Structures are given as C-alpha cells and as structure tokens.
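> Mind looking at a prediction? Sequence and model below.
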There are 2 protein chains.
Amino acid sequence: MPEYAIGLDLGGTNLRAAAISRDGKMLDHVAGSSRLSGGSDALVNDMAAAIETLRDRQGRDGLSGIGVAVPGFILLQEGIVKNSNNIPGLEDYPLRDNLEQRLGAKVIIENDANAAALGEKWMGAGRDVDDLILLTLGTGVGGGIICQGKLLHGTLGMAGEFGHITVVPNGNPCGCGNHGCLEKHASATAITAMAKLMGLGDNVTSEEVYNMAMKGNPRAHEIFVSMGRYLGIALATIINAFNFPLYLLGGGVLGAWNLFAPPMIDEIKQRSFTFRATNTRVEKAGLGSQSGLYGAAFLPWNKTDN
Amino acid sequence: MPEYAIGLDLGGTNLRAAAISRDGKMLDHVAGSSRLSGGSDALVNDMAAAIETLRDRQGRDGLSGIGVAVPGFILLQEGIVKNSNNIPGLEDYPLRDNLEQRLGAKVIIENDANAAALGEKWMGAGRDVDDLILLTLGTGVGGGIICQGKLLHGTLGMAGEFGHITVVPNGNPCGCGNHGCLEKHASATAITAMAKLMGLGDNVTSEEVYNMAMKGNPRAHEIFVSMGRYLGIALATIINAFNFPLYLLGGGVLGAWNLFAPPMIDEIKQRSFTFRATNTRVEKAGLGSQSGLYGAAFLPWNKTDN
C-alpha cells in the first residue's frame, strides 16, 4: 500500500476530493456539487462522506493525513473559517473540529488559494522553484505565496490578499471598503459587470463574453484588454515587491489567457524594471482546476513554520 | 575585548562607519562626507580608511566582520554594485572585492534599505517581531523586508522595490519606465516637485516646504496630505500582500510625520481590510538615521538562506 493523503477542495459550486500518493499520483477521486442550501452541517456531512469514501476504498494503513481547502479567511491555529464570501453559513465556523469529530482523524484546513499555490509548487508549474506566487482568477481574485518552499501566511494567515490591492485609486467600489481593488477590475465578476456597462447583456456569463470577443465583438474584446491591463498593474507591483522567479495564474478565467495576457505582459514590462532586468516568468498554472485539490492533499506533508 | 563588527553606511551625502558590539552598543564611530567627485576609487579609499580607523582603534581580536550598506541594486553573490542612482561611478562596480583587497578582510555588502530593515529588526523598533517591512523616505523610496527573522532578497536581491510600485496608473512619469511610482508621489523629490507646481518656489527644499506648512501655508500643507494619501495607498497594498505585524517608515522625510501620517493612516484604513481586522502597526523607525549603520554592522552576524 503506497503512502497517500486525502485532499478535499470545497468550492462555491463543486466539492471534490482525491486520494493522492506521496509522489503525486492521483489514486482515486470523488466529485459532487457543494450543497449550500442545507447549511453548514449538511455541507460538513458531505465533506466527511467524500473523505470517508476515499478512506474506505484506499484503506487506513497508508493514509498520511487529510487536508481541506476552503475559500475564505481561515484562522489556522483554531481551525475556524472566519468568513467565506462563496460559502454561506461558514462564518466563524469550527470546520476543523467538526470534521475531525466526524472522521476520528486529524484534519488540516487551509485557504483555497494558498492550497492551490502549494499544489503548483508540489506537482504543477512551480516544481522547479522555491519561490512563487499564484493568483486565482475566478469570481474574485485569490492569492497564495510560496517563499523558500513554504507557504507565507503572515500574522493571521491573511497574506496574499492580492484581490484587494488597489490598481486604480478611484476605481470601482469593493465590499471590503476600498475602491479600485484588483478583483473589481479583473475577475469573472468584473468581466460580467463590464459587459453590462458595454451593453452586451445584463446576465451574460464571462464565458459568453469570451465567446463574443473571439467572434470579433470589439466591445467584448476591450473588456479583456482592460482586465489584462489591471492584472498587469497588479503583477508589476507584486514583482517589484517580491522579485520571485515565477508568478502563476489559475482559476476559471484562465481560459481567456489568449485575450488578456498580451496587454497584461505589456503593462508589466512598462511598470516593472525588475521584470525587464531579470528572467521573471508569468505563466499559466500547471494543474488547471486541480491545483487546490493537489495542494489540499499535500497539507499533511507540508513543513511550515507558522 | 568584546565581540564587535564594523558597519559602514554610504549615502549620497554622508559616509559613516561604526564599531558596534554584539549586544548592540556603539563602541566607536567616524563620519565624513561622501567624496563623489573623485570617482569610485577615491570613494573606496575613503570607505577603507574609515573602516581601518575603527579597526585600528578597536583592535582585530574581537572583530567579527565588516558590513557595508550602499544605495542601489547589489548583485549579492558577486559583490557588485549593479547601479546606484545616488552614487555616480558605482555602476557595475566590484565594490566587495576592491574593499576586501584594500582591507585584507572579508566584507559583506548590502542594499541600504535592506540594511536599514535589518538594523531595525536587530536594535530598533522591530526587535519584538519576526516579520517587518521598512520603507525609507528620502530622495527616493527604498524598501526592506524581514521575513521570519531574515532578509527577503528575492531572486536577485531586488525584492522590496516599493518605491516603484504603482500608486496611480497614469501618474507622474518615472525614470524606471513606469508612471505613478510611489517615489514620484511620496519622497523628498516629490515634495519639491509639488512645491514647484504649487508655485511655492523653484528651488525650495523639502524641509522648507515643511516649514511653510507648519506656518500655516495651505498649499504646502496640501503637499504633505497628497504624499500621505499615496503612501497610504502603497502601504494598504503592502499590508494586503504580506499581513505582517509591523511596517516602519524611516529616512529624511520622516520629520514630516505629523503632517503626512494622518491622511496616510486614513487611506490605509479605507483600503485594507487586513489592517482594520488585525493589530497591524505602522510606525516610525526607531534608530532614526542610524538604521542602516546598525544593519551594516549586523551583516556579519546575519543568518541568511539566500
């Protein structure tokens, strides 16, 4: 029986879990939808059931541990989800203890973007570096920082909140209290809001805006140029601050890379001497939608100082 | 004879060196002006002479090592000053090897803002934390990052270039190729440029603008409000990225703290949920103009991974 860990990635839409071996082979997986209407207890039941299914099928002997990735701000020491924009009912919720009680086993929980960064470092596009930053472009923008091989958490686990760095001082208002946050100008939500402003439809999805752009609609195209420029402003700032060798982009909006990446790179080149003077790579994440799943599974093996 | 190290801080105006004991007591110091007109060789002669004076007076027995802080971008492994805006003639200059040859001893060179951050961690306002960021507000804006007790250098030692993060996308042009760099909106140079724009004089110094503001000149006052707001935008971004417990401000412009700090803190509060939700301190550096000198002396004792 090979040594393995179970990772679970809880998203606003999907709940996925996998058994992954120490050398990164996915041995088994289960997937379902995140049943949000039933409240937090129903959600924890579903999470525990997915993990139990994998544990029963793979056996307890080789199981190194269980990791869970959750969108939102996690109090790491307490194992509490402080708040989660995407998962209602998980505010101030003792997720770790409740899962551990259900499973009779130790569980490690982590922010989903942090887990995704860890997954990319372990088995994705970041395998060859010790320092990387991952931005996840989805409904919002998340971030994870790997510094000298380890997650950089900051004082309370809130490091890497790149979705809320200011890219335009008087830009769109954000629920966080700021104006011009990156995620209000470069995310799936920002794309659909810009589509509304551009008269492309009140309820179009970001995929539909992408398809319009690919069919030659200049307004739809301009939306991705705008997104790319603001991403470039943010990335130039991040590159100037960290001077890391690798910056990865992941998340659902990554499919529009061909549209937003050229203006993004133009902006980075103009705004970062460090980028121009060094061999700095800005690339797609390597594990697609599975970065967080791999990262969650890696949590039991992760050496961390904080 | 107590264990001690010699630190030298080379500025655009002053050259200072000190012998400092392992427990942070300044045993001896020498100071002079930076003789820039003589070229790099004359400058290295002056630097070596200052160090030799201290070594002769304190004796070689207890000397742990020699550290030198230089403004500019340093290739750490090679000991080369790649470029320096403030010290002409130090472009691509092998400062470490030339000093070592003159002194017959090992020398460690470091960027001045990095050294200042290290000095603050060792004996200044950052003694009680493992993670801090220092911004130096002078002719330009420099930055140093202490992460888990050690300097964060990035790939090539260029981490912490906070002077060149974008605070307003279409702001003042910068020699680095960007527009709206922090140091073009919040530095001694920015203060004098704004004074010119406000009709306060073509050649006033930042100190003179400060004095005008303190005497009630509303235009001069507005300059420091503007500076504070842009510093706040940058600090909110840095706080959201790092979630460290402590951010320090140092450098010559710190004297205007009472004018720029209130709008700076207002801006940080508005733009950083992390700042509002955590006990994050933004404070004056503790060692005044000696942060870099202490940090330079600490370099021989500094444990670093990169």
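Sure thing, it's come through. Numbering: from 1, shown residues only, chains lettered A, B, ... in the order given.

> all contacts plus neighbour counts: C-alpha atoms, from now on.
Fine.

> For the longest helix belonging to chain A, name the packing helices and strands.
Counting residues, the longest helix found in chain A (DSSP state H) is helix A:218-242. Helix A:218-242 is packed against helix A:188-197, helix A:206-214, helix A:257-271, helix A:273-277, with contacts defined by 3 or more C-alpha pairs under 8 Å, 6 or more residues apart in numbering or on different chains; DSSP states H and E.

> The first one to helix A:218-242, inter-axis angle?
Orientation check (axes from the mean of the first three to the mean of the last three C-alpha atoms, to 10 degrees): helix A:188-197 against helix A:218-242 gives 140 degrees.

> A:S33 reaches A:T13, doesn't it?
Yes: because the distance of 5.8 Å satisfies C-alpha atoms under 8 Å, A:S33 is recorded as touching A:T13.

> is chain B contacted by stretch A:134-149?
No: interface with chain B: stretch A:134-149 contributes nothing (C-alpha under 8 Å from any C-alpha of the partner chain), its closest point being 8.6 Å away.

> in that stretch, what counts as buried?
A:134-147, A:149 (16 or more other C-alpha atoms under 10 Å in any protein chain shown).

> ok so, going back, how about the helices and strands packed on helix A:218-242, which one is nearest B:A277?
When these are compared for distance to B:A277 using C-alpha to C-alpha, the nearest one is helix A:188-197, at 24.8 Å.

> tell me which residues of that closest one are tucked away?
Going by 16+ other C-alpha under 10 Å, helix A:188-197 has these buried residues: A:188-195.

> Also stretch A:82-90?
Those would be A:82-84, A:86-87, A:89-90, for stretch A:82-90 by 16+ other C-alpha under 10 Å.

> Which two among the residues you listed are spaced furthest apart?
Largest separation among the buried residues of stretch A:82-90 by C-alpha to C-alpha: A:K82 and A:N86, giving 12.5 Å.

> so what sits against both of those two?
Contact with both A:K82 and A:N86 is made by residues A:G72, according to C-alpha atoms under 8 Å, 6 or more residues apart in numbering or on different chains.

> Distance to A:S291 added to the buried residues of helix A:188-197, as CSV?
Output for the buried residues of helix A:188-197, formatted as CSV (distance: C-alpha to C-alpha, whole Å):
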residue, distance to A:S291
A:A188, 19
A:T189, 21
A:A190, 23
A:I191, 23
A:T192, 25
A:A193, 27
A:M194, 28
A:A195, 29
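
> which of the residues you listed lies closest to A:D23?
In terms of C-alpha to C-alpha, no member of the buried residues of helix A:188-197 lies closer to A:D23 than A:A188, at 33.7 Å.

> Which residue ranges make up each domain of chain A?
The record's domain parsing of chain A by automatic domain parsing lists A:4-117+A:290-301, A:127-286.

> can you redo the ones you listed as TSV with mean pLDDT?
Below are the domains of chain A laid out as TSV (pLDDT from 0 to 100):
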stretch	mean pLDDT
domain A:4-117+A:290-301	94
domain A:127-286	96
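
> does the closest residue in space to A:F273 that isn't next to it in sequence sit in a helix, a strand or a coil?
Using C-alpha to C-alpha, 6 or more residues apart in numbering or on different chains and skipping the chain neighbours, the partner closest in space to A:F273 is B:C176 (6.0 Å). Put simply, B:C176 is coil when judged by DSSP: H, G, I helix; E, B strand; the rest coil.

> returning to what we had before: can you tell me which of the domains of chain A is nearest to B:V253?
domain A:127-286 (21.5 Å).

> Give the buried residues for the longest helix of chain A.
Buried residues in helix A:218-242, defined by neighbour count with 16+ other C-alpha under 10 Å: A:219-242.

> swap in stretch A:23-33?
In stretch A:23-33, counting by 16+ other C-alpha under 10 Å, buried: A:24, A:26, A:28-29.

> What is the neighbour count of the residue nearest to A:F273?
If you count neighbours by other C-alpha atoms under 10 Å in any protein chain shown, B:C176 ends up with 13.

> which residues sit in contact with it?
A:271-273, B:164.

> ok, it to B:L134 distance?
21 Å (C-alpha to C-alpha, to the nearest Å).

> Identify the residues contacting stretch A:31-41?
Here stretch A:31-41 has contacts from A:10-17, A:42-43, A:46, A:50, A:87-90, using C-alpha under 8 Å, 6+ apart.

> In the residues you listed, which residue is surrounded by the most others?
Most surrounded of these: other C-alpha under 10 Å gives A:A17, at 28 neighbours.

> Now do whatever helix or strand that one lives in: which elements does it pack against?
Assessed by DSSP states H and E, A:A17 sits inside strand A:14-21. Contact partners of strand A:14-21 among helices and strands, from 3+ C-alpha pairs under 8 Å, 6+ apart: strand A:4-10, strand A:26-33, helix A:39-58, helix A:291-298.

> again, only using 10 Å
strand A:4-10, strand A:26-33, helix A:39-58, strand A:63-70, helix A:291-298 (3 or more C-alpha pairs under 10 Å, 6 or more residues apart in numbering or on different chains; DSSP states H and E).

> and those, which is most packed in?
Comparing the helices and strands packed on strand A:14-21 by mean neighbour count (mean count of other C-alpha atoms under 10 Å in any protein chain shown), helix A:291-298 comes out on top with a mean of 32.

> now the angle from it to strand A:14-21?
Using the same axes, to 10 degrees, helix A:291-298 lies at 50 degrees relative to strand A:14-21.

> Could you look up the SS state of A:A117?
Following three-state DSSP, the label given to A:A117 is helix.

> So A:A48 sits against A:L103, correct?
Yes: the criterion here is C-alpha atoms under 10 Å, and A:A48 meets it with A:L103 at 6.6 Å.

> Flag every residue of the stretch 51-200 of chain A that's near chain B.
For the stretch 51-200 of chain A, the residues in contact with chain B (C-alpha under 10 Å from any C-alpha of the partner chain) are A:130-131, A:143-145, A:147-148, A:152-170, A:174-181.

> go with 7 Å
With the criterion set to C-alpha under 7 Å from any C-alpha of the partner chain, the stretch 51-200 of chain A comes near chain B through A:154-155, A:158-162, A:164-166, A:168-169, A:176-178.

> Just the buried residues out of the residues you listed, in ChimeraX syntax.
To isolate the buried members of those in ChimeraX, using 16+ other C-alpha under 10 Å:
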select /A:154,155,158,159,160,161,162,164,165,166,168,169,178
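
> Just give me the residue right at the centre of chain A.
A:A113 (3.1 Å; C-alpha atoms, centre = their mean).

> so what's it up against?
A:136, A:142-144, A:292 (C-alpha atoms under 7 Å, 6 or more residues apart in numbering or on different chains).

> Confirm it sits in a helix?
Yes: A:A113: assigned to a helix according to three-state DSSP.

> ok, it to chain B distance?
13 Å (C-alpha to the nearest C-alpha, to the nearest Å).

> can you list contacts of stretch A:240-259?
In contact with stretch A:240-259 (C-alpha under 7 Å, 6+ apart) are residues A:131-138, A:187-188, A:210, A:224-225, A:272, A:274, A:279-285, A:288-289, B:154-155, B:158-162, B:164-165.
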